[in-house]
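Asker: output the structure for:
(one chain, ligands or ions: 1)
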Amino acid sequence: MHAIGIDIGGTRTKIGLVNLRTGQVEEMLIAPTETKDGPRFLQLIGEAISQINAKTKAAQLPLAGVGIGVPGFVFENGVVDSTYGFLDFMEDYPLARYIGQQHGLPCLLDNDARVVALGEAIYGQGNGAGRVLVLTLGTGLGLGFTINGKLDGPLPFAHMGGHMTITNNDTLCYCGKTGCLESLVSSTGLIQIANRNGWPLTYPDLPLTAETIFNQKKAGNPDAALIVQEYIGYLKTGIDNYVNLYAPDVIVLGGGIAKGLRNETGRLHNPALLNPFKAYKTRIAISSLEEQAGILGSAALFM
Ligand SMILES: [Zn+2]
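Answerer: Residues are numbered from 1 along each chain as shown. Next comes the predicted model:
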């Protein structure tokens, strides 16, 4: 069985045809994420779905439906509640019903971080593990949790763990609180740490990006190492708390920042976790699905 998975990103939306049995993305189309022009965006997504749908019909491939990962809150009935203003036109919009009627296919929606977790749990580093916690470290911190390959409920709040308060400092998060883990371990958080450490003054010729800082750290730059160390301290505090809440068998780190953490997982792991329960073991893994996790997970809503 095949399904179409759609991953709505900050600037690009990926529409893919997924073989649910093998986890292969057999075709992928990219459309710009039109944040201000709703009708245009729905038209672009619709054209991509039609194109893939026509091919599967010609090849006589049964298509289970269209799954979409939405950046924000989604009700179980397929209505988008809030996207924090990112996609205003989608808010209170019955997106699943609209897409379903337009293409004559079932359509399922869920939060984008949750579908990434589903993708990792079924096709990625969480495959075969019982309890899988997936943290997507990018422009924000996305959280999704699965048990035996199924997302936990209830919607629409189950992905909000990134807003766990971990410091009493006044770093303001877009959610309106201060001291959220998300505001410290997102790429914006890393850049704020770099700013506080005077990075732009010391290295005016280097671009101020998460990638540069991780690359500089790898190249032996001691200032970059200090910034990464502070960043890892926040992330480790968050992971320690998540372990006590979720007791995951595996913690998968994905998103743009995760690549930079490839050699740092040892520093994120605390052997005293869940003390004194000696039988508990967890491991931290970096996503192997990378950019495809969202497409695979959206499609996997039909498994
Ligand atoms: Zn927050």
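
Asker: show me where pLDDT drops low in the chain?
Answerer: 154-156, 271-276 (pLDDT under 70).

Asker: the longest helix anywhere in it: how far from the chain's middle?
Answerer: The longest helix of the chain (DSSP state H) is helix 222-246. Here the centre of helix 222-246 is set off from its chain's centre by 18 Å, with Cα atoms, centre = their mean, to the nearest Å.

Asker: is that helix in proximity to the ion?
Answerer: No. Applying Cβ under 5 Å from the ion, one finds helix 222-246 separated from the ion by no less than 12.1 Å. Backbone N, C-alpha and C define where each C-beta goes, glycine included.

Asker: how about the strands in the chain?
Answerer: 2-8, 12-19, 24-32, 63-70, 73-74, 80-82, 107-111, 131-137, 141-147, 150-151, 250-254, 283-286 (DSSP state E).

Asker: show residues contacting the fourth one.
Answerer: Contact partners of strand 63-70, identified using Cβ atoms under 8 Å, 6 or more residues apart in numbering, comprise 1-8, 20, 49, 53, 56, 80, 83, 87, 90, 95-96, 99-100, 103, 105-112, 114-116, 294, 297-302.

Asker: ok, 7 Å please
Answerer: For strand 63-70, contacts defined as Cβ atoms under 7 Å, 6 or more residues apart in numbering pick out 1-8, 20, 49, 53, 56, 80, 83, 95, 99, 103, 105-112, 115-116, 294, 297-299, 301-302.

Asker: quick check: angle from it to strand 107-111?
Answerer: For strand 63-70 against strand 107-111, the angle by axes from the mean of the first three to the mean of the last three Cα atoms, to 10 degrees is 30 degrees.

Asker: just to revisit the earlier point, please convert the buried members of the contacts of strand 63-70 into PyMOL selection syntax.
Answerer: Buried residues among the contacts of strand 63-70 (16 or more other Cβ atoms under 10 Å), as a PyMOL selection:
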select buried, resi 2+3+4+5+6+7+8+20+49+53+56+80+83+95+99+103+105+106+107+108+109+110+111+112+115+116+294+297+298+299+301+302
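
Asker: for residue 147, which non-adjacent residue is spatially closest?
Answerer: residue 131 (5.6 Å; Cβ to Cβ, 6 or more residues apart in numbering).

Asker: and if you look at residue 118?
Answerer: Once flanking residues are discounted, residue 118 sits nearest to residue 297: 4.0 Å by Cβ to Cβ, 6+ apart.

Asker: which ones are touching the one you found?
Answerer: By Cβ under 7 Å, 6+ apart, the contact list for residue 297 reads 5, 69, 115, 116, 117, 118, 119.

Asker: any idea how far it is from the ion?
Answerer: 23 Å (Cβ to the ion, to the nearest Å).

Asker: pretty sure residue 283 sits against residue 250.
Answerer: Yes. When contacts are counted by Cβ atoms under 7 Å, residue 283 is listed as touching residue 250 (5.4 Å).

Asker: between those two, point out the one with more neighbours.
Answerer: Taking neighbours as other Cβ atoms under 10 Å, residue 283 and residue 250 compare with residue 250 leading, 22 against 13.

Asker: how far away is the more buried one from residue 269?
Answerer: Separation of residue 250 from residue 269 (Cβ to Cβ, to the nearest Å): 12 Å.

Asker: and for residue 204?
Answerer: From residue 204 to residue 269 the distance is 36 Å (Cβ to Cβ).

Asker: out of these two, which sits in the more crowded spot?
Answerer: Neighbour count, other Cβ under 10 Å: between residue 204 and residue 269, residue 269 has more, with 16 against 8.

Asker: list the contacts of the more buried one.
Answerer: By Cβ under 7 Å, 6+ apart, the contact list for residue 269 reads residue 284.

Asker: ditto for residue 140
Answerer: By Cβ under 7 Å, 6+ apart, residue 140 lies in contact with 162, 182, 186.

Asker: what distance do you get for residue 247 to the ion?
Answerer: According to Cβ to the ion, residue 247 stands 24 Å off from the ion.

Asker: what do you get for residue 97?
Answerer: Taking Cβ to the ion as the measure, residue 97 and the ion are separated by 31 Å.

Asker: ok, now residue 132?
Answerer: According to Cβ to the ion, residue 132 and the ion sit 23 Å apart.

Asker: same check, this time on residue 131
Answerer: From residue 131 over to the ion the distance is 24 Å, taken as Cβ to the ion.

Asker: could you do residue 298 as well?
Answerer: Residue 298 is 24 Å from the ion, by Cβ to the ion.
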